[in-house]
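1. Below: sequence and its predicted model.
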Amino acid sequence: MVSMTDTQGSVIERTPMMSRRVVGFLMVLVFGALALAPDLVNPGLLFLIGLTLIQAVFALSWNLLFGYTGLASFGHAGFFAIGAYFTGAMLRYTVPIPFLGMLVIAAGLGALVACLIGLVALRRLAGIFLAVLTVALTEVLGRLISYSPALGEHDGLGNIPRPKIGLVLWDLDLTSSRAYFLFLLCACSLITAALWWLVHSRTGRVFQAIRQDADRAAFLGINVARYRLLSFMISGGVAAMAGGLFAPWTRIVTLDEVNWLASTQPILNTLLGGVGSFWGPVVGAVAFTLINYWTRTFVGLSEIVIGGTLVLVIIAAPTGIIGLLHTIRNWVFQRTAGKGGTHERLP
Amino acid sequence: MNVSPNTILASEGLRVSYGPIEVLKGVSFSVGNGSCLAVIGPNGAGKTTLFKVLTGEVASRAGTISFQGADVTKVPAHTRTSLGMGRTFQVSRVFLELTARENVIVAIESRRRNAGDYGAPWWRWRPARQVVEEADALLFALGIAHLRHASAASLSHGDKKRLELAETLALEPSILLLDEPTAGMAPGDRMQIVELIQTIRAERGVSVVMTEHDMDVIFNLADRVLVMNYGEVIAEGTVAEVRENPTVRAVYLGQDIYNAAH
């Protein structure tokens, strides 16, 4: 893997699981298959696929914080709920804001709340404050919603209409499941692409440096607190945007989205898929949905299978499904991972 | 505080306590522009704590630090770094999951960011070509160019020290604070590092403050020596002066050696 002969100034090389070209080809293939999904699968399954897309983005936002910047939020559902209840209420009460504007405002709200929490917690530079404060945020939000009739109290905010997007030349009607699913697919793909770009940019390199050794990063002249805050704001904003996409898809937002259990979902998805990899949360979200789907007829079985899988993953493959695939690949091709292979960040 | 214009770094009455224990009991010293000061003393003398206070890792209870004529006592660590303080650690610290080249790139990009010169538009996610070339040149200068694609975790102890130094040099510091630059190294590697530091000083004109246990390294590099014991400066002077100082011999080299010599 260590190539000695490459020209100066070439791109940073590692041992990727697959070459960039193969990954790109797979992306196009998956996107194409998903774009055809509304015509191929039944509405129930389509609904689940849509939820998986949203959960994947939600998990990616959590992993930006945990896997890239080294901060843990145990109450990420709070940000998701901000976005979900915001767009839900805006659509329900037909506030005349364009839907894309709503999503942007939702992301802004998530980032603003993250900023306020971050200013309190990140100053102390200790991760536990952040974890505790985000849990508190979720609990407070849940309590507030349960007392506000406009947001449906304990019954949830229902009858959320799907939006129409007014473009310059024509209107994009997203009221049908098919249309909204395609919109969802494009939105989630764009957010994922933006996050991929972010973690590979110079800002992403700073995040990674901070996760690996925050003190050393400070002695390289990096303002650690500022970058932690930035990462937390982006993460909160993306989570809120995922929530904003969620409300019109399910057409109901309930307190189930604003609790401790909902906060563990992105964590489980990330751990299952692989914490050391960008695509881990996406793979984890898909695996989670598959397990849920296959065990749907047996009440309680999905929890057991998911719990069991998670225990198995943590014991047998701490780097998640992607790490496991990597190990199998190396084993099949009878090659070692090369120098320091276990420390490579997977693609 | 009176600082002569030829002084790059100076402290006055620095006091640091960890709980009830006073680790630095009023340390004052100064480093001349372009010179090399070695801080020596037995284990627990407060050398590393002095380093931590100077770089901003630990806050002082009393006293002032001035750097390039400005009072930096309350300035946070990352700002001191961007002002021109470069620091290495006793146990080398690099970003283990990044490649050697990426490690240096992070440092170069940080320097450029602090100088307001990004080198490439914000949407460019790949490091700018000149940044990569600069990183490779630094790795080459430190003799680890062939390891640039290896993850930092896979480097040997000596190579990690070199990489850490490369990162620190990438900041283009005006003063280098080296905490035991040759600790745990083989004698051959040790002399290589000494030569390297001499070259860096000659080429870049940086000032150096270092702690070190190895006397050969100190005799080869230091212009002046500061001797500490129990959080106090007990002697300061040129290498020859300090060598002849009876208090230093008693404290640092051991009473037995002193007695045997007389």
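-> On my side now, so go ahead.

2. how about the helix or strand containing A:L34, does it get close to chain B?
-> Per DSSP states H and E: A:L34 is located in helix A:20-40. No - on the criterion CB under 8 Å from any CB of the partner chain, helix A:20-40 is out of touch with chain B, staying 12.6 Å away. (Glycine included, C-beta is placed from N, CA and C.)

3. Would you mind listing the buried residues in that helix?
-> Using 16 or more other CB atoms under 10 Å in any protein chain shown as the test for burial, helix A:20-40 gives A:34, A:37-38.

4. Could you export it as PDB, CA atoms only?
-> Output of helix A:20-40 as PDB, limited to C-alpha atoms (Å, rounded to 0.1, in the frame of the first residue of the first chain):
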ATOM      1  CA  ARG A  20     -13.100   5.200  -6.200                       C
ATOM      2  CA  ARG A  21     -14.500   4.200  -9.600                       C
ATOM      3  CA  VAL A  22     -16.200   1.100  -8.200                       C
ATOM      4  CA  VAL A  23     -17.700   3.100  -5.300                       C
ATOM      5  CA  GLY A  24     -18.900   5.700  -7.800                       C
ATOM      6  CA  PHE A  25     -20.400   3.000 -10.000                       C
ATOM      7  CA  LEU A  26     -22.200   1.400  -7.000                       C
ATOM      8  CA  MET A  27     -23.600   4.800  -6.000                       C
ATOM      9  CA  VAL A  28     -25.100   5.400  -9.400                       C
ATOM     10  CA  LEU A  29     -26.500   1.800  -9.300                       C
ATOM     11  CA  VAL A  30     -28.100   2.200  -5.900                       C
ATOM     12  CA  PHE A  31     -29.400   5.600  -6.700                       C
ATOM     13  CA  GLY A  32     -31.000   4.300  -9.900                       C
ATOM     14  CA  ALA A  33     -32.500   1.300  -8.100                       C
ATOM     15  CA  LEU A  34     -33.900   3.600  -5.500                       C
ATOM     16  CA  ALA A  35     -35.300   6.000  -8.100                       C
ATOM     17  CA  LEU A  36     -37.200   3.000  -9.600                       C
ATOM     18  CA  ALA A  37     -38.400   1.800  -6.200                       C
ATOM     19  CA  PRO A  38     -41.800   3.600  -6.200                       C
ATOM     20  CA  ASP A  39     -42.700   1.600  -9.300                       C
ATOM     21  CA  LEU A  40     -41.300  -1.700  -8.100                       C
END
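
5. and after that helix, which helix or strand comes next?
-> Next element after helix A:20-40 (DSSP H and E): helix A:43-63.

6. Does that next one pack against any helices or strands, and if so which?
-> helix A:20-40, helix A:177-200, helix A:224-250, helix A:260-273, helix A:280-294 (3 or more CB pairs under 8 Å, 6 or more residues apart in numbering or on different chains; DSSP states H and E).

7. Now chain B against chain A: closest residue?
-> Taking CB to the nearest CB, chain A has its nearest neighbour within chain B at B:S154, 3.1 Å off.

8. Relative to B:L196, how far out is that residue?
-> 22 Å (CB to CB, to the nearest Å).

9. Who has more neighbours out of these two?
-> The neighbour count for B:S154 versus B:L196, taken as other CB atoms under 10 Å in any protein chain shown, is higher for B:S154 (20 against 17).

10. Quick one: the strands in the stretch 1-150 of chain B, in order.
-> Along the stretch 1-150 of chain B, the segments classed as strands by DSSP state E, counting those that start in this stretch run B:7-18, B:21-32, B:36-40, B:62-67, B:70-71, B:85-88.

11. most tightly surrounded among those strands?
-> Ranked by mean neighbour count, these are led by strand B:85-88 with a mean of 26 (mean count of other CB atoms under 10 Å in any protein chain shown).

12. For it, what is the distance to the chain centroid?
-> From the chain centre to the centre of strand B:85-88 is a distance of 5 Å (CA atoms, centre = their mean, to the nearest Å).
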